[in-house]
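[1] coords below, sequence missing:
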Ligand SMILES: [Zn+2]
């Protein structure tokens, strides 16, 4: 199982690792990685792997989970197999920080705004998808009063402006399930065999089980703006938001 370095240090931009295997001359599994694999509505990191022996760079387009491992997709497989990455190669990994950091801000903002519409409107969050330009939160809500969302946006921005620290710690899965009435949609990244769950606490706002990447203080989010509200039939609603400086 790949050691997930992003799990305990979301600010890690570079790391050293060893190639464990390469599938189809294209999908690289390392012993450890800081690349976040797509999950829980958060897109994967991109970046590069640099082979230590000769400095050859391999662009990474995508990272995904594969049977407990994290697989890195190399952009263009090198024609000559002898020059492609192989098991045992030492590499330096570098993630595209601007992309990751935007996802960290978007992700943490999603915790805040989702929590506000849960508490204030009584909505039930059903899904989310983060993006670089905008993110989406899906929720279930019978009485959909669009005018209220300007108020929810303001509450969220006030919480963000309070510079609340974001903490995380590990608890047993059993303990987490007892403590929490629910595991949020943001927690879908956990697979069944995982015995320890990471709790993410935004002080004064929310505490949830979540495996994604977060900023360490809400002031890094800066602010949010709700850009679109949609009716998706019955009680299903969709909200889009962007980040503002
Ligand atoms: Zn999260």
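    Structure received. Note that the coordinates shown come from a computational prediction; the quantities given were computed from them, not determined experimentally.

[2] When you work out contacts or count neighbours from here on, use the C-alpha atoms and nothing else.
    OK.

[3] List the buried residues in the longest helix along the chain.
    In the chain, assigned by DSSP state H, the helix with the most residues is helix 97-121. Neighbour-count burial for helix 97-121 flags 97, 99-118, 121 (criterion: 16 or more other C-alpha atoms under 10 Å).

[4] Following element in sequence after it, please.
    On the C-terminal side of helix 97-121, the nearest following helix or strand under DSSP states H and E is strand 124-129.

[5] What angle do helix 97-121 and that next one make with each other?
    170 degrees (axes from the mean of the first three to the mean of the last three C-alpha atoms, to 10 degrees).

[6] quick one: strands adjacent to strand 124-129?
    Next to strand 124-129 in the sheet, as set by DSSP bridges, lie strand 135-140 (antiparallel).

[7] Show the pLDDT at the residue at minimal distance from the centre of the chain.
    For the chain, residue 212 is the residue whose C-alpha lies nearest the centre (C-alpha atoms, centre = their mean; 3.6 Å). According to the prediction, residue 212 has pLDDT 93.

[8] Was I right to think it contacts residue 42?
    Yes - between residue 212 and residue 42 there is a contact under C-alpha atoms under 8 Å: 7.2 Å.

[9] list residues touching both of those two?
    residue 107 (C-alpha atoms under 8 Å, 6 or more residues apart in numbering).

[10] by contact count, what packs against the helix or strand bottoming out on mean pLDDT in the chain?
    Least confident helix or strand, the chain: helix 173-179 with a mean of 73, by mean pLDDT, DSSP states H and E. The contact analysis (3 or more C-alpha pairs under 8 Å, 6 or more residues apart in numbering; DSSP states H and E) places helix 173-179 against strand 196-202.

[11] Buried residues of the strand it packs on, list them for me.
    In strand 196-202, counting by 16+ other C-alpha under 10 Å, buried: 197-202.

[12] ok, so of those residues, who is nearest residue 172?
    Residue 172 has its nearest neighbour among these in residue 197, at 5.9 Å by C-alpha to C-alpha.

[13] Residues in a beta bridge with that closest one, which ones?
    Here residue 197, judged by DSSP bridges, has bridge partners residue 171.

[14] Residue 209 is in contact with that one, correct?
    Yes - Residue 197 lies in contact with residue 209 (C-alpha under 8 Å); the separation is 6.5 Å.

[15] Spit out the residues that contact those two alike.
    residue 176.

[16] Below-threshold pLDDT in this structure: ranges please.
    77-82, 179-194 (pLDDT under 70).

[17] before we move on, back to that, may I see the buried residues of strand 196-202 arranged in a markdown table, with distance to residue 152 as well?
    Output for the buried residues of strand 196-202, formatted as a markdown table (distance: C-alpha to C-alpha, whole Å):
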| residue | distance to residue 152 |
| --- | --- |
| 197 | 29 |
| 198 | 27 |
| 199 | 24 |
| 200 | 22 |
| 201 | 20 |
| 202 | 17 |
